[in-house]
Structures are given as structure tokens and as C-alpha cells.
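Colleague: Fold the following, please.
(chains A and B)
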Amino acid sequence: MSHDDHHHDHDDVAVRAAALEALLVEKGLISTDAIDAVVDLYENDVGPQNGARVVARAWVDDAYRERLHANGTGAIGELGYGGFEGDTMVVVENTPEVHNVIVCTLCSCYPWPVLGLPPSWYKSPAYRARVVAEPRAVLAEFGLELDPDVEIRVWDSTAEVRYLVLPMRPPGTESLEEDELAALVTRDSMVGTGLPLSPTGAAA
Amino acid sequence: MKDASALEAITGSIGAKALPRRNGELVFEAPWESRAFGVAVALHDAGAIDFERFRAHLIAEIAEHGTNTEAEGYYEHWLDALQQLLLEEGVVSEPELDARAATIAHEWAHDHDH
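Modeller: Numbers count the residues shown, from 1 in each chain, chains lettered A, B, ... in the order given. Coordinates of the predicted model:
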């Protein structure tokens, strides 16, 4: 197809998607069931709750946290998450001195097995370009005002490496169980554009 | 850059899309987006495409046709990238795609009449 006819209306794109799917099924390359299964998996079962379990485990288990640092892919795999689009996972840990944030400047690489598919804003050109150029301003727009002394490190995802932010455990959570801690871990806190919830519900 | 429009450009779509999912996310805005996504991943799972080659096409599509501020159109880039890859590898041809699209468009138009 020519590139002059981009910006077609949605019906036209839907027709092209349906045509491609129908041809590939007809040629026996994929089945409708396989496509259905993929869509259902990513719409419903693979999401930030997976990453939240990884983070909560790291908060309660120092040995696990060390394994996360040494071999993110392997430690995440211990909880049953891995495979597609998450082959090499690197976990970057926030500290009082360093705040980490992830981006994919070229397209929208994202750690699917632990966070699911990326939200719209992660794919937007505005986020992809600006979080590198002016991370502090972008985080402020997300409502995350960091102390000027905190260093912000921006990690650009690549085909080979996907990053996951390990946020700091919120204060006042010493008595919470692992499951209760996981409920405090938001998607944005694992991208670095937010913080975990505090036990009372507000951002820590 | 801290004005309302910049904020909107980055975070604007969050609230409008907050339909409940078991994983707390609504990741597709239209059914065709989920099909385009599912087709590419299913092709990868079946060993029929190299996902790194697909990603290279996706990066090129976004670089060439991406708008400056909106994520809108992302899965259209995705679909175009997949189509380019499959055409390049001779898995499908342009005439058969066009013919099938015409047939489907006709069927859908017909359905809408009833």
C-alpha cells in the first residue's frame, strides 16, 4: 500500500486488519483460536498485578531482592512470569538518592510479562521524547514532585533489555503481609512515573 | 511545557479508558486493535515471523508517520508494520490483501443495511 493514504478512518483500518487476519488463517499460518487466546491473555491475565507480586516479594525477602538484582529474568521467572517480550529483564531499584523511570524512545517496548501491555501515554511521542529531555518536569506532571537532590535515571528499553522499577517500600507498612503489600504497588510505580500507595490509600 | 495541554498529551487518556478489567487495564481502544495485536503475537508464537524484524518495521513506521503528541494511531502503525513485513517476506501479496479487504468491506456494508 502507498503511504499517501495514511489517516484512513477507523472502518478502513478495521477492514484491513480483518483482511490480513482472514488471509493468514486461510493460509494456515495461525488459527483464530490462537489469536483469541493471545488477546484474552493480554486483555485479562497479564498485567501489573504480576509485577506487583515481584515487588512485594522483594520487599519482604532480602534474598529474593538480591536475586532480582543479580538476574532479573531468573528471579521474575521464579514467580512464573516470563517469556515473550520479557526475555532479559533488568530490575532497577529506587533509593532515597536515585529515582528510576523507564521509557522506550523508539517505539513502545515494555516488560509485558510483569506489566501487561503499555498504557496509551507510554506510547505517546510526548512521553517518549520528553521523559528523556526533561524527566523532572514530566514526573511533576504525573503528580510526582521529587526532591531536587534526588537523581533521576531514565532507562531506555531496547529489543534486548526490558526494565522494571523496584519502588521503595512505603513507610508504615512494616506489619503488612506480602499480599497486602502487593495491593499497594501501582503500575505507574513500576514504570517510575508514580509511587506505591500508602496503607491509607494516598500515594506514599 | 507544564501547561494543561502538555499534561493532557501525556496523561489525558487515562481517565476516559478506565473500564474494569481483571488486570485493571483496558489496553485496546477498538476490537480491530486487539486483532492486529493478536495476529502479530500469534504469528510469533507459531514461529512464522521474527519479532525483531517486526519491531524494526514498527520503529520505522512510527518514525515516519508518528504524530508529535498523540499515541492515537499506534496500532495502525502496528498493523502497517506487520503488513509491510508480511509483504516483504512474500507471505501475503498486495493484490490478495486488496481483494480480501474489498470483499470484507462489501460484507460489512451489506450487514449495516439490515
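Colleague: Which helix or strand contains A:Cys109?
Modeller: For A:Cys109, there is no host helix or strand (DSSP states H and E).
Colleague: nope, B:Trp108 is what I meant
Modeller: Counting by DSSP H and E, B:Trp108 is found in helix B:94-112.
Colleague: Now A:Arg130: closest residue in space that isn't a chain neighbour?
Modeller: A:Val138 (5.1 Å; Cβ to Cβ, 6 or more residues apart in numbering or on different chains). Yep, even glycine has a C-beta here, placed from its N, CA and C like the rest.
Colleague: any chance you could read off phi and psi for that neighbour?
Modeller: With angles defined as degrees, to the nearest 10, A:Val138 sits at phi -60, psi -40.
Colleague: do A:Leu197 as well
Modeller: Dihedral pair for A:Leu197: phi -70, psi 150, per degrees, to the nearest 10.
Colleague: OK, contacts around the spatially most central residue of chain A?
Modeller: Centroid check for chain A by Cα atoms, centre = their mean gives A:Leu115 as the closest residue, at 4.0 Å. Contacts for A:Leu115 (Cβ atoms under 8 Å, 6 or more residues apart in numbering or on different chains) come out as A:Gly47, A:Pro48, A:Asn50, A:Gly51, A:Leu164, A:Arg187, A:Met190, A:Val191.
Colleague: Go ahead and confirm the fourth one touches A:Leu164.
Modeller: Yes - counting by Cβ atoms under 8 Å, A:Gly51 does reach A:Leu164; the two are 6.0 Å apart.
Colleague: anything in contact with each of those two?
Modeller: Common neighbours of A:Gly51 and A:Leu164, counting by Cβ under 8 Å, 6+ apart, are A:Pro111, A:Val114, A:Leu115, A:Met190.
Colleague: Which one of the residues you listed is nearest to chain B?
Modeller: Nearest to chain B among the shared contacts of A:Gly51 and A:Leu164 is A:Leu115, at 9.0 Å by Cβ to the nearest Cβ.
Colleague: rewinding a little: check which helices and strands the helix holding B:Trp108 sits against.
Modeller: Helices and strands touching helix B:94-112, as assessed by 3 or more Cβ pairs under 8 Å, 6 or more residues apart in numbering or on different chains; DSSP states H and E, comprise helix A:10-26, helix B:74-88.
Colleague: how does chain A divide into domains?
Modeller: What automatic domain parsing lists as the domains of chain A is A:8-44, A:47-191.
Colleague: What is the neighbour count of the closest residue to A:Asp149 other than its chain neighbours?
Modeller: Closest residue to A:Asp149 apart from its sequence neighbours, by Cβ to Cβ, 6+ apart: A:Glu97 at 7.6 Å. Number of residues near A:Glu97 (other Cβ atoms under 10 Å in any protein chain shown) recorded here: 9.
Colleague: so what's A:Glu97 up against?
Modeller: Here A:Glu97 is in contact with A:Asp149, A:Val150, A:Glu151 (Cβ under 8 Å, 6+ apart).
Colleague: Was I right to think the second one contacts A:Asn94?
Modeller: This means A:Val150. No - taking contacts as Cβ under 8 Å, A:Val150 lies outside contact range of A:Asn94: 9.1 Å.
Colleague: Which of the two has more residues huddled nearby?
Modeller: The residue with more neighbours, out of A:Val150 and A:Asn94, is A:Asn94; 20 against 14, by other Cβ under 10 Å.
Colleague: so what's that one up against?
Modeller: A:Asn94 sits in contact with A:Asn100, A:Val165, A:Leu166, A:Pro167, A:Met168, A:Gly192, where contact means Cβ under 8 Å, 6+ apart.
Colleague: from these, which would you call buried?
Modeller: When these are checked for burial by 16 or more other Cβ atoms under 10 Å in any protein chain shown, the buried set is A:Asn100, A:Val165, A:Leu166, A:Pro167, A:Gly192.
Colleague: and the two most separated of those residues?
Modeller: Using Cβ to Cβ, the buried ones among the contacts of A:Asn94 span at most 10.1 Å, a distance reached by A:Leu166 and A:Gly192.
Colleague: For the helix or strand of chain A with the lowest mean pLDDT, which helices and strands make contact with it?
Modeller: Here the helix or strand of chain A ranked lowest by mean pLDDT, DSSP states H and E is helix A:120-123, holding a mean of 87. If contacts are counted by 3+ Cβ pairs under 8 Å, 6+ apart, helix A:120-123 sits against helix B:13-16.
Colleague: The residue in chain A that chain B sits nearest to: how many residues sit nearby?
Modeller: Closest residue of chain A to chain B, Cβ to the nearest Cβ: A:Gly47 (2.5 Å). A:Gly47 has 22 neighbouring residues, counting by other Cβ under 10 Å.
Colleague: May I have the strand or helix carrying A:Val131 exported as PDB, CA atoms only?
Modeller: Per DSSP H and E, A:Val131 falls inside helix A:125-133. Taking Å, rounded to 0.1, in the frame of the first residue of the first chain, the C-alpha atoms of helix A:125-133 are listed here in PDB:
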ATOM      1  CA  PRO A 125       5.600  10.700  21.300                       C
ATOM      2  CA  ALA A 126       5.300  13.300  24.000                       C
ATOM      3  CA  TYR A 127       6.200  10.900  26.800                       C
ATOM      4  CA  ARG A 128       8.900   9.100  24.700                       C
ATOM      5  CA  ALA A 129      10.700  12.300  23.900                       C
ATOM      6  CA  ARG A 130      10.100  14.400  26.900                       C
ATOM      7  CA  VAL A 131      10.900  12.000  29.700                       C
ATOM      8  CA  VAL A 132      14.400  11.800  28.400                       C
ATOM      9  CA  ALA A 133      14.900  15.500  27.800                       C
END
